[in-house]
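[1] predicted model and sequence follow; I will ask about them next.
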Number of protein chains: 2
Amino acid sequence: MITSLSVGEADLALVTDLYQLTMAAAYHAAAEESGEMPGATFELWVRRLPPHRRFLVFAGLEQVLASLRDLSFTYEQIDYLRRQEPFRGVADSFFETLSDFRFRGDVRAMPEGTLFFPDEPVLAVSGTLLEAQIVETLLLSIVNFQTTIASKAARLRLAAGDDVQIAEFGSRRAHGPQAAVWAARAAYVGGADSTSNVLAGQRAGVPVVGTMAHSFIMSYEHEEDAFRRYQRTFPEHTVLLVDTYDTLEGVRKALADGGPFRGVRLDSGDLEELSRQTRRLLDEAGRQDATIFASGDMNEHKIAALRAAGAPIDAFGVGTRLATSADAPYLNGIYKLVEVVRGGEVRPTFKASTGKATYPGPKQVIRRLEQGVGGPTLAGDLLIRHGDEAGYGAEQRLLVPVMEGGRLLAGVEAPAAAQPGVGTADDGGLATYGVAAGRRRCLRQLAHLPPALRCLEDGDEPAYAVAVDPRLEALLQGQLDRMAGS
Amino acid sequence: MITSLSVGEADLALVTDLYQLTMAAAYHAAAEESGEMPGATFELWVRRLPPHRRFLVFAGLEQVLASLRDLSFTYEQIDYLRRQEPFRGVADSFFETLSDFRFRGDVRAMPEGTLFFPDEPVLAVSGTLLEAQIVETLLLSIVNFQTTIASKAARLRLAAGDDVQIAEFGSRRAHGPQAAVWAARAAYVGGADSTSNVLAGQRAGVPVVGTMAHSFIMSYEHEEDAFRRYQRTFPEHTVLLVDTYDTLEGVRKALADGGPFRGVRLDSGDLEELSRQTRRLLDEAGRQDATIFASGDMNEHKIAALRAAGAPIDAFGVGTRLATSADAPYLNGIYKLVEVVRGGEVRPTFKASTGKATYPGPKQVIRRLEQGVGGPTLAGDLLIRHGDEAGYGAEQRLLVPVMEGGRLLAGVEAPAAAQPGVGTADDGGLATYGVAAGRRRCLRQLAHLPPALRCLEDGDEPAYAVAVDPRLEALLQGQLDRMAGS
């Protein structure tokens, strides 16, 4: 028996930390005795920006919702759990609960592609304590990863500007074949134009592109033979990789041959100089229409430098640095209990630990735009209690309902439709999730970034203000007083 | 329609870069004309060590072999490809070839858990040019990721020593829910003792452990009530998380209550000081048997420092830094064409580019052990042509056949069996892949590391010698001369 470790829909219930399930068993045992399973709300947010980041791009909501919709335990999974040492004394009724489990809670979320900042919940899950708890690992692993990659892609987008293409090329360096697919999706939400990953095209609708590899050239004794073969197979779509032996010689061979090609790819060397010389050769041959594609250890700084130098490059392929977000390869997103409802009493919860303090209770994020010279600009966010929204317009509220009683809200399944309550007015009624709507939202919001947040260099923490509403501060103070008095 | 992006076995054929499939179409078209599909060998290796690494641990072979065995194209996948713009002019016979595709090539590989170094192939794939080419992205994404994580885990193992447990706890920060599972597997191969990821237990046989989360404590008004509930549900397996409010107060509550617990977990604060005071409280209460589990932003340097200071910690939970290999989050493993067979002529291939030069032809790696004071020690490797093995004992050859004609070699499906030709004598006949055999091999080889390679600090490039056999150098020179003459 060899283990393929493909992870499909039916496996998701066990893609969790063991303690989620032991805690669930303890919650269940308590409820059996008291006759009541408490209600709970958890929120997902980050405490600090990762290094080198001035904002984050929320991504992965679609997979969160699909996972919540599909989550269930198979007979084999329950059988496996029963045989694990800690579960041996646990009552049968707990495993019956798992076997009937469906997520029936409520979810509020920021729409995909929304720019966000520390302390702002991007996702709020309300339901029974058991159901809201056991999805923690799954939700964090989806959101942390896709948000990490989308946020990196947005930096590449800022570096490249609007008229240069960015293709995600990092599948071979992603964290496994499956992460490659999600990385491609998240990169697209964050502003990349395409991916080389075919499954991301078939399943998630990301545009797929490709050129050719050195091995293709090397499989022929003469470079020209390899070029000719590719051109004959793909007369309208050939992008010739010209750097296997001598880059400019490769360009000359491509031109001399007279075969059709759409463009050339440079994958090594001094890309500024080589792209200029390549452009000159192409132009002299009357191939003003041929494009120059550049790749090879690309990142946002190299792209910004090549753009600033005026290198005539039409598209960048970015692999490793994008698919692994190599300079900030993880996000410390956390999923914290903010409210428990037990015996009719609603108790906001929070952590008082130094440096890890949190605000109690379910929250909402309010965003203010200012009219600037170049259009609207992000002017500051406000963290308020959920329930205090009334004073703010729907277009200012970042968290919107996306699931109620375990059902996707009407309208959110139609990504192209403008539905009241899904998407904010700022997004022109775009759907709350999905790659196309998420990407459009992200690009629109990137255009709203103030200059300090557009900057790609490290430096002082940007002065983007996330203020806290006095009513929320009062709630925290009340809870602190209560704790001190108890 | 919402996209769940679960990636199962049947999806693997499209988890690839588009150009693998366009190149395949070009190879196919050429073969249709010439009447011959060339043969090829590709090898997978790294050019340089990642930052902060002095050796690497090969992992993922089991998933490589399972993927090669299972790889096929479904009707829907072929239909998707046919509708993609570049494929519109491609002959039907190519899609018929895909629809009949099974991998029928040969694979040689290092056994899982083998320590290796730059320039050493860990995997060699021989077959038709088409079949050996299209698996590139899949194989690289498996090996690059699992090797990255196993190599990080080995550093944690070196830091912790042999008598302290390491649990992988990073599922929530891994690159998606699926990477979480593979990270857990690879961490175990590299020397971790367990994981919190339940699916890694069910599917790959990794031991699964867990404690409890802050949210469990916070869901009760009083810490003691939370402790008591857990103890009643898991009387024999409770590890109490004691740091939610005040760590030592938490330990006192655990002891005062009199309820059963196996140990306590410290997740914040000065772990050296807190572990000493916790140990003292436990010992004073006669609980010498109770264990101390420490977690919270752990890495190999913190573990080494706590061990050096004599902190009485029995087990470490390592999350983010392990599951993402945060200080070196990717491996630049490459998969390069080293030989083409066309028209009966065998042509070794290589890349001559400056800084990216490679040795032509299929290779073998020979390892020498020296008898040191503390036992055998790695004394240097030798890169030779595959076929020049005769002068070396089987126990010195690192690459062994694992697949022939698309079939797993007899014996390698039985992980516990010692089979001639699978595993090296150094490994006592352990199977070539699988978590249990891989982990034992890795631990054995870690014990063979010379001091310079055991060091966890950055510094001069370690002086581990990978020499090149004169016959291989001569082959390279011959190819260079031939190129210069052509």
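    All right, it came through fine. Numbers count the residues shown, from 1 in each chain, chains lettered A, B, ... in the order given.

[2] in the stretch 1-150 of chain A, what residue comes closest to chain B?
    A:Leu18 (3.2 Å; C-beta to the nearest C-beta). Where C-beta positions appear, they are placed from N, C-alpha and C, glycine not excepted.

[3] tell me, what's the model's pLDDT at the residue nearest to that residue when sequence neighbours are not counted?
    Spatial nearest neighbour of A:Leu18, chain neighbours left out: B:Gly210 (3.2 Å); criterion: C-beta to C-beta, 6 or more residues apart in numbering or on different chains. pLDDT recorded at B:Gly210 is 93.

[4] pretty sure B:Gly210 contacts B:Thr195?
    No - applying C-beta atoms under 8 Å, one finds B:Gly210 not in contact with B:Thr195, separated by 9.5 Å.

[5] so what's the residue count around the residue of the stretch 1-150 of chain A closest to chain B?
    25 (other C-beta atoms under 10 Å in any protein chain shown).

[6] next, the contact list for it, please.
    Shown in contact with A:Leu18 (C-beta atoms under 8 Å, 6 or more residues apart in numbering or on different chains): A:84, A:86, B:196-198, B:201, B:208-210.

[7] neighbour count added to those residues, as JSON lines?
    Shown next, in JSON lines, are the contacts of A:Leu18 (neighbours: other C-beta atoms under 10 Å in any protein chain shown):
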{"residue": "A:Gln84", "neighbour count": "19"}
{"residue": "A:Pro86", "neighbour count": "20"}
{"residue": "B:Ser196", "neighbour count": "27"}
{"residue": "B:Asn197", "neighbour count": "35"}
{"residue": "B:Val198", "neighbour count": "29"}
{"residue": "B:Gly201", "neighbour count": "22"}
{"residue": "B:Val208", "neighbour count": "25"}
{"residue": "B:Val209", "neighbour count": "24"}
{"residue": "B:Gly210", "neighbour count": "25"}
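
[8] show me these that map onto helices.
    Assigned to helices by DSSP state H, the following of the contacts of A:Leu18 qualify: B:198, B:201.

[9] and which of the contacts of A:Leu18 is nearest B:Leu446?
    B:Val209 (21.9 Å; C-beta to C-beta).

[10] tally of neighbours for the residue nearest to the closest one when sequence neighbours are not counted?
    Distances taken as C-beta to C-beta, 6+ apart place B:Ser194 nearest to B:Val209, at 4.5 Å, with adjacent residues excluded. Residues near B:Ser194, counting by other C-beta under 10 Å, number 23.

[11] now do the same contact list for B:Ser194.
    B:165-168, B:188, B:206-209.

[12] and it, what are its bridge partners?
    Assessed by DSSP bridges, B:Ser194 has beta-bridge partners B:Ala167.

[13] how near is it to A:Ala24?
    20 Å (C-beta to C-beta, to the nearest Å).

[14] before we move on, what about A:Glu33?
    The value you get for A:Glu33 to A:Ala24, if C-beta to C-beta is used, is 15 Å.

[15] what is the end-to-end distance of stretch A:329-337?
    By C-alpha to C-alpha, to the nearest Å, the extent of stretch A:329-337 from end to end equals 26 Å.

[16] so which bits of stretch A:5-18 are buried?
    By neighbour count on 16 or more other C-beta atoms under 10 Å in any protein chain shown, the buried set for stretch A:5-18 is A:5-7, A:9, A:11-18.

[17] for these, please prepare CSV with the additional fields pLDDT.
    Converted to CSV, the buried residues of stretch A:5-18 look like this (pLDDT from 0 to 100):
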residue, pLDDT
A:Leu5, 78
A:Ser6, 85
A:Val7, 88
A:Glu9, 85
A:Asp11, 92
A:Leu12, 92
A:Ala13, 95
A:Leu14, 96
A:Val15, 95
A:Thr16, 97
A:Asp17, 97
A:Leu18, 97
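
[18] want to try TSV for the residues you listed, with secondary structure as columns?
    As requested, the buried residues of stretch A:5-18 are exported to TSV (DSSP: H, G, I helix; E, B strand; the rest coil):
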residue	secondary structure
A:Leu5	coil
A:Ser6	coil
A:Val7	strand
A:Glu9	helix
A:Asp11	helix
A:Leu12	helix
A:Ala13	helix
A:Leu14	helix
A:Val15	coil
A:Thr16	coil
A:Asp17	strand
A:Leu18	helix
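
[19] and A:Val208, how close does it get to A:Ala167?
    Taken as C-beta to C-beta, the span from A:Val208 to A:Ala167 is 9 Å.

[20] what touches both of the two?
    With C-beta under 8 Å, 6+ apart, A:Val208 and A:Ala167 have common neighbours A:194-196.

[21] excluding chain neighbours, what is closest to A:Pro329?
    Per C-beta to C-beta, 6+ apart, closest to A:Pro329 is B:Pro329, 3.7 Å.

[22] hmm, A:Thr324 and the one you found touching each other?
    Yes - using C-beta under 8 Å, B:Pro329 is in contact with A:Thr324, at 5.1 Å.

[23] so for those two, which sits in the more crowded spot?
    A:Thr324 (29 against 23).

[24] distance-wise, check that one relative to B:Leu331.
    For A:Thr324, the distance to B:Leu331 - C-beta to C-beta - is 10 Å.

[25] what residues are shared contacts of the two?
    Common neighbours of A:Thr324 and B:Leu331 (C-beta under 8 Å, 6+ apart) are A:Arg173.

[26] how near is the closest residue to chain B within the stretch 301-450 of chain A to A:Pro111?
    The minimum distance from the stretch 301-450 of chain A to chain B, using C-beta to the nearest C-beta, falls at A:Pro329 (3.7 Å). A:Pro329 sits 25 Å away from A:Pro111, taking C-beta to C-beta as the criterion.

[27] just A:Asp246 next, same as before
    Counting by C-beta to C-beta, the gap from A:Asp246 to A:Pro111 is 49 Å.

[28] neighbour-wise, which of the two wins?
    Neighbour tally, A:Asp246 and A:Pro111, criterion other C-beta under 10 Å: the higher count belongs to A:Pro111, 27 against 14.

[29] thinking again about what came up before, ok now do the residue nearest to A:Pro329, which residues does it touch?
    Residues near B:Pro329 by C-beta under 8 Å, 6+ apart: A:324-326, A:329-330, B:148.

[30] where's it, which helix or strand?
    Assigned by DSSP states H and E, B:Pro329 falls within no helix or strand.

[31] and it, backbone torsions?
    When read as degrees, to the nearest 10, the backbone of B:Pro329 gives phi -80, psi 10.

[32] again with A:Gly393
    Backbone torsions of A:Gly393, given as degrees, to the nearest 10, read phi -70, psi 150.

[33] circling back: from the shared contacts of A:Val208 and A:Ala167, pick the one nearest chain B.
    Each of those was scored against chain B by C-beta to the nearest C-beta, and A:Ser196 proved nearest at 4.1 Å.

[34] how about the nearest residue to A:Thr114, chain neighbours excluded?
    Nearest to A:Thr114 is A:Phe58, by C-beta to C-beta, 6+ apart, at 4.8 Å.

[35] number of residues surrounding that neighbour?
    Neighbours of A:Phe58 using other C-beta under 10 Å come to 29.

[36] could you do the one 4 residues further on as well?
    Applying the criterion other C-beta under 10 Å, we find 28 residues in the vicinity of A:Glu62.

[37] tell me the contacts of it?
    A:Glu62 touches A:112, A:433-435, A:438, B:2-3, counting by C-beta under 8 Å, 6+ apart.

[38] return the member of those residues nearest to B:Arg48.
    A:Val435 (35.2 Å).

[39] so that closest one sits right up against A:Val189, yeah?
    Yes - if you go by C-beta under 8 Å, A:Val435 and A:Val189 touch, sitting 5.7 Å apart.
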